[in-house]
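Participant: the following comprises the amino acid sequence and a computationally predicted model.
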Amino acid sequence: MTEPTLPLRGAANPSTSRAGTSPGSFSNPADIGGPLTFSSPDTPGMPEPSAKTAWDFLPDGWRREGKFATAPAGFEAVTQLEFARLGVVTPEMRRVAEREPHLTPEQVRDEVAAGRLVIPANKVHLKYALDPMGIGRGTRTKINANMGASPISSSTDEEVEKLQWAVRWGADTVMDLSTGGDLDACRMAIVRAARVPIGTVPIYSMIIGRKIEDLDEELILDELRRQAEQGVDYFTIHAGLIRTHLPLVKDRLIGIVSRGGSLLAKWMLQHGKDNPMYTAFDRICDIVREFDITFSLGDGLRPGGLADASDRAQLGELQTLAELTEHAWRRGCQVMIEGPGHVPFDQIEYNMKLQRTLCHGAPFYVLGPLVTDVFPGYDHITSCIGATAAAYHGAAMLCYVTPKEHLGLPKKDDVKQGCIAYKIAAHAADVALGIPGSRDWDDELTRARAALNWERHFDLAFDSDTARALHDEDLDVDTDFCAMCGHDWCAVRISKEIVEFASGKAEGFIRDRVVKTPALSPEQQEILAQRGVLAPEELHRLASKTKQAVGVEIGAKASCHSDYVASDDARKLQHEKLVTLRVP
C-alpha cells in the first residue's frame, strides 16, 4: 500500500526539539517580514494578501530611504510606529521580543513599521506597572478579557479584583466597559493596578448623564483626552459606521448589536449628519498620537446572529475601517481592527482573509466568533470553537466570551471560564501555525502523562487545582493508573512497561516511588464541592488526605501499585479502597 503524502509546506515544527513522531505543522512556511507571517493555507477563492503595508501610507514630508524612512527636519518621534519607521528599536520593542522568543527586537521593529504589529502602551501607563506586549500575526495569539461595572451590578473594588483574576487566568489585555458607578475612579484604579494594556470604549463615558443626541465633537475630544491622560492604552473608536451603511441594516434579523454602533446610528438619524467619530477622525488621531494610544477600530455593524453574518452592512463597514487604517498610519498612529461576533464556521476563513487584504495586514482583534446561536449559558464554548479557526486563519487577538454572554454581567468564575476557553483557542492555533516552541509545553505534559508522573502532570497543567481535584475525586493517591480505565485496562501503563517503547521513560520524568501528596487545597475543595458529586464526609476525608487505607508511608510505595504487589492484589485494593461508586 502506498504511504500517504503529507501536505507539508515548510512551516516550522512547533516543538523546539522535534519531540515525538509528528511531522509538524501543515501550515505555510513562516514569512516574518512578509505579508503572510504565520498563516494557514488558503482555501481556493480566498482573497490574496495585500501588497501594501503601513510603509505605503507615510505622512507628508517623509521619504523612504532604503529600509527605513527620513522625517522632515525638526520632527520628533512619539509613537512606536514612528520610531520603527526611523529604524529605532525602543525599550518596549525589546521587551516584546523578550516575551516572544522566536522574534528578535529588530523583527519586532520591522513588523511595527509595516503596521502588522502593535504595542499598546500609553506613555502614562508606562510610568505605572505596564509590561509592554505585542499584538500581531508575528507574535503568539493574545486574548482579551472584558469587564466593567454596570448601573445594576459591580463596583470599583470588584472590577480591580476581576482584572487581577483575569490576568491570573491568562488575559493578555483587559477592556474596561463600565457603564455605571464612578467611571473615572474605576478606570484610574484599573489602569494603575494593571500590568497588562487596558482598553476602553470611550463613547460609554461620553453619554453618562446626557442623551446621545447631545453628543458633539468637543464632548468626544474632551472625553478622549481625559481617558488618554489616565493612561488607557487602546481605544475602541466606532468611526467606520457611516450614514450610507444604515439602510443595509433594515432587513437584519437582529439589527445592530454593538452598543457603540447603535448609539451612533441613533445620533446620525436624529441629526441627519454623518458619524461624528468619522468626521472628527483627524482630531482624534492627534490625541491618540500624543499619548501613543493604539486605535482599535470598532465594528459597530458586527453580526449579532448567524443570519446576518458576512452581509453588506458588515463588509461595507470593514471597507471604511480599511480607509481609516490608512489615514491613521499617515498620522503616525498604531492601528488594529475589530472583527465580527456571530459567523458560521464555513465563513470564518473568508472573514479573516478579507480583513487581511483590505486592511493591509493590520492586526485583527476578533470577538469569538460564535458559530451557533442556540447555546446561551455555553457561549464561551460556541465562541472558542470559532476563535480557534479565527486565530488559525488570521486573527491576532481574541476577545473572550463568558458563559454570561447575552445573559448578564460576568462574575469571577465566568471570567475564569472565558479566559480558559480562549487560552485553549489561542494556544491550539499557535501550535497549528507552527510558531516555534509553541508545542514545548504540550510535549512536557505528555512526557509526564506517559510516565504516569501525576505530580509533574498537575504542575504542568494550565489549571493545576482543577486537574488535581478531578483526579482525587475518584482516586486520592497517585497510582500507576487512573479511574478512567483502572489497572488492567490502562494503555499508558502497558506502554510504559513495554521495554522497546520510549513511552514513559523520558529523563527527569520517571517516578521511582509514590510521593505522599498534600491534602486538597481550599481551592480544590471548592471545585469538588461545586460539582456536587462527593458527599460532604468524602470531601472532608480528601481535605485531610488520609492514605493509610492503601498503606502509604513517607518514602514507601502504595500497595495499589502493580510493580509493588501482585497484580491481583492491586486490582483488589483498587476496587475495595480507591473507587467510590456513585449512585444517581
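Facilitator: Nice, I can see it.

Participant: can you pull out the low-pLDDT segments for the stretch 151-300 of the chain?
Facilitator: For the stretch 151-300 of the chain, the stretches with pLDDT under 70 are 152-154.

Participant: mind listing the helices for it?
Facilitator: With DSSP state H, counting those that start in this stretch, the ranges of helices along the stretch 151-300 of the chain come out as 156-168, 183-193, 203-206, 217-230, 259-271, 276-279, 281-291.

Participant: how about those, which one is nearest residue 501?
Facilitator: For residue 501, the closest of the helices of the stretch 151-300 of the chain is helix 156-168, at 38.1 Å, according to CB to CB. All C-beta spots, glycine's among them, are computed from the backbone N, C-alpha and C.

Participant: show residues contacting the closest one.
Facilitator: Contact with helix 156-168 is made by 145, 147-149, 154, 174, 176, 178, 181-182, 185-186, 189-190, 193-196, 412, 415-416, 419, as judged by CB atoms under 8 Å, 6 or more residues apart in numbering.

Participant: mind redoing it with 6 Å?
Facilitator: Under the criterion CB atoms under 6 Å, 6 or more residues apart in numbering, residues 145, 147, 149, 174, 185-186, 189-190, 193, 196, 412, 415, 419 lie in contact with helix 156-168.

Participant: so can I have TSV of the helices of the stretch 151-300 of the chain showing distance to residue 476?
Facilitator: Shown next, in TSV, are these (distance: least, CB to CB, whole Å):
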stretch	distance to residue 476
helix 156-168	27
helix 183-193	38
helix 203-206	49
helix 217-230	50
helix 259-271	49
helix 276-279	58
helix 281-291	55
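
Participant: how close does residue 359 sit to residue 93?
Facilitator: Look at residue 359 and residue 93: by CB to CB, to the nearest Å, they are 22 Å apart.

Participant: and residue 430, which of the helices of the stretch 151-300 of the chain is closest to it?
Facilitator: Closest of the helices of the stretch 151-300 of the chain to residue 430 is helix 156-168, at 19.3 Å (criterion: CB to CB).

Participant: which parts of that closest one are buried?
Facilitator: For helix 156-168, a neighbour-count test (16 or more other CB atoms under 10 Å) marks 156, 158, 159, 160, 161, 162, 163, 165, 166, 167 as buried.

Participant: of all the residues you listed, which comes closest to residue 524?
Facilitator: Using CB to CB, residue 165 comes nearest to residue 524 of the buried residues of helix 156-168, at 17.3 Å.

Participant: what's the closest of the buried residues of helix 156-168 to residue 134?
Facilitator: Distances from residue 134 to those, taken by CB to CB, are shortest for residue 167, at 16.9 Å.

Participant: strands of the protein, residue ranges please.
Facilitator: For the chain, strands defined by DSSP state E occupy the ranges 63-65, 68-70, 117-118, 135-136, 142-147, 173-176, 198-200, 234-237, 294-297, 335-339, 364-367, 397-399.

Participant: winner for burial among those?
Facilitator: Highest mean neighbour count among the strands of the chain (mean count of other CB atoms under 10 Å): strand 117-118, with a mean of 32.

Participant: tell me which strands that strand pairs with, and in which orientation.
Facilitator: Paired strands of strand 117-118, with direction, are strand 135-136 (antiparallel) (DSSP bridges).

Participant: distance from the strand it pairs with to the middle of the chain?
Facilitator: Remark: strand 135-136 is offset 11 Å from the chain centroid, using CA atoms, centre = their mean, to the nearest Å.

Participant: run through who's touching that strand.
Facilitator: 111, 116, 117, 118, 142, 363, 396, 397.

Participant: and residue 374, which of the helices of the stretch 151-300 of the chain is closest to it?
Facilitator: In terms of CB to CB, the element of the helices of the stretch 151-300 of the chain nearest to residue 374 is helix 259-271, at 23.3 Å.

Participant: flag every buried residue along that closest one.
Facilitator: Within helix 259-271, the residues that count as buried by 16+ other CB under 10 Å are 259, 260, 261, 262, 263, 264, 265, 267, 268.
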